[in-house]
Every structure is written in C-alpha cells, then in structure tokens.
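Asks: Got a predicted structure here, sequence first:
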Amino acid sequence: MEHDAVDDALVVAPGPVQRVVVVEHHDAVAQHDDRVAPGDGGVLEDHIGLQAAADAGHRLGQLELQPVLRAAADLRAEADPPAGPSPDETEFRDLAADCATRLRDQLDRPQREPGDWSVPLPAGGCTCDLCAALRDFLAAPDQRTLEWPLAKQRRQHVHTRIDAAEVPVTHVTKRQGSPYVLVLRKTDDLFTREQKARSQADSDLKWLANEWDLAI
C-alpha cells in the first residue's frame, strides 16, 4: 500500500493570538512564532510599529489577517488611552472591516446539503489529463469512490496533486491486476471541515464586532 492521507483544514485559531512578528525587508510581511505563550505582550516587534503591521495586513489573506488584528488589539489594550483614534488604529479598523466583510460572505454561502460529496479542487496547477479526470471525480456530488487503474508514475502524480491540494480524499493503491488500481475515497472530513469553518467564522466575526466596534 503506497499511502493515504487526509489533512485537516486550516482555520483561524480562537482565543488569544500567538506571537505575531512583523518584519521588514523590501516589504512588511507577517510571520508566526509559536515559541511565545499566547497573550504575550510583545506580539509585534517594537521597532516596526503599527503602521508597518497595517501595511502588511493589507496584503494578507483571511488566515493571516485575523492574528494580526488580535495582536494589534493586545497592543492597544496595553497602551495608554489616546485622546482620539491614531492613524495606525484607523488603518487597523479598516482592516478589521475588510476581514468582517469576508467572514460575512463566508457565512452567507449556502450550507452543504447532506449527501453532497462535491469537493472543490483549488484553481491553478497542473492541467494534464490525469488532473482533469481527478477534478471531474472531485466535482461529482453523487460519487464518493473511484477505482482507477494507473501505472506507478501516473498514480504518484495523483498522490502528489491530492496531497498538495489538501482535499479530504484518501488515496490508496490496491495491488491487484496490471496496472495496479488507485482507490480514491472522499471522507466525512469534507462535512466536518465546513462545519468547523462556519463556526470559526461566526466566532471571529463576533470578536471583530466587539473589539473593533463594527456592525454585523
């Protein structure tokens, strides 16, 4: 048996943010550092400042943006109360509003129907005949399993594409016949991931509304 793999979906972690370090090279970017306990007051390097963090935030995706906003909220809570909102805080409030819009869009999408086994394959990447056939199988809402006779190199290509896409599909080689048969099976994690993602989106949206005074 060659292998089968199912990877957990990436979601924004609830609760206090882990350490977020903003560094500058040519552009400001965000990096995660798990070596510092959650809630550490030094969530942003002092020599960078909130403006650089805000600039970086404008280029981040949903997954990376939420920790940056939590870090900014930690800094704001530790600072002396200003006379009014600073330019940096205004930048972060704009980022929070953009993040909230994305979360609302996510929550407004229809929930997956029971028995709908369609799996989206991320756009881009290989467009060969194998990947086209894989995409067709994944998109089929009423097909959960595929037994696919393939030579070793072609099986390995499918293994690699599934692992890279992190889709909830096991891929196991049945060593019978010639060529061997690659067995693909969509897993229940398809539904679990979406349920967790919706719950996390709802929690993050409520946090944003409370912390950054946003309407939801």
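Replies: Received the coordinates, thanks.

Asks: Going by C-alpha atoms from here, please, whenever you check contacts or count neighbours.
Replies: Noted.

Asks: how many neighbours does Asp108 have?
Replies: By the other Cα atoms under 10 Å criterion, the neighbourhood of Asp108 contains 10 residues.

Asks: cool, the one 10 residues further on as well?
Replies: Ser118 sits with 19 neighbouring residues when counted by other Cα under 10 Å.

Asks: Domain boundaries for this protein, per the record?
Replies: Taking automatic domain parsing as the criterion, the chain consists of the domains 19-110+195-211, 129-187.

Asks: ranking the ones you listed by mean pLDDT, which is last?
Replies: Note on the domains of the chain: domain 19-110+195-211 shows the lowest mean pLDDT, a mean of 63.

Asks: Which strand residues bridge the closest residue to Thr145 other than its chain neighbours?
Replies: Nearest residue to Thr145 in three dimensions, chain neighbours excluded: Arg185, at 4.5 Å (Cα to Cα, 6 or more residues apart in numbering). According to DSSP bridges, the residues that bridge with Arg185 are Thr145, Thr170.

Asks: In which helix or strand does Pro141 reside?
Replies: Following DSSP states H and E, one finds Pro141 outside all helices and strands.

Asks: which parts of the host helix or strand of Leu103 are buried?
Replies: Under the criterion of DSSP H and E, Leu103 resides in helix 87-108. Using 16 or more other Cα atoms under 10 Å as the burial criterion, the residues of helix 87-108 that qualify are 88-89, 91-93, 95-97, 99-100, 102-103, 107.

Asks: repeat for stretch 208-216
Replies: By neighbour count on 16+ other Cα under 10 Å, the buried set for stretch 208-216 is Leu208, Trp212.
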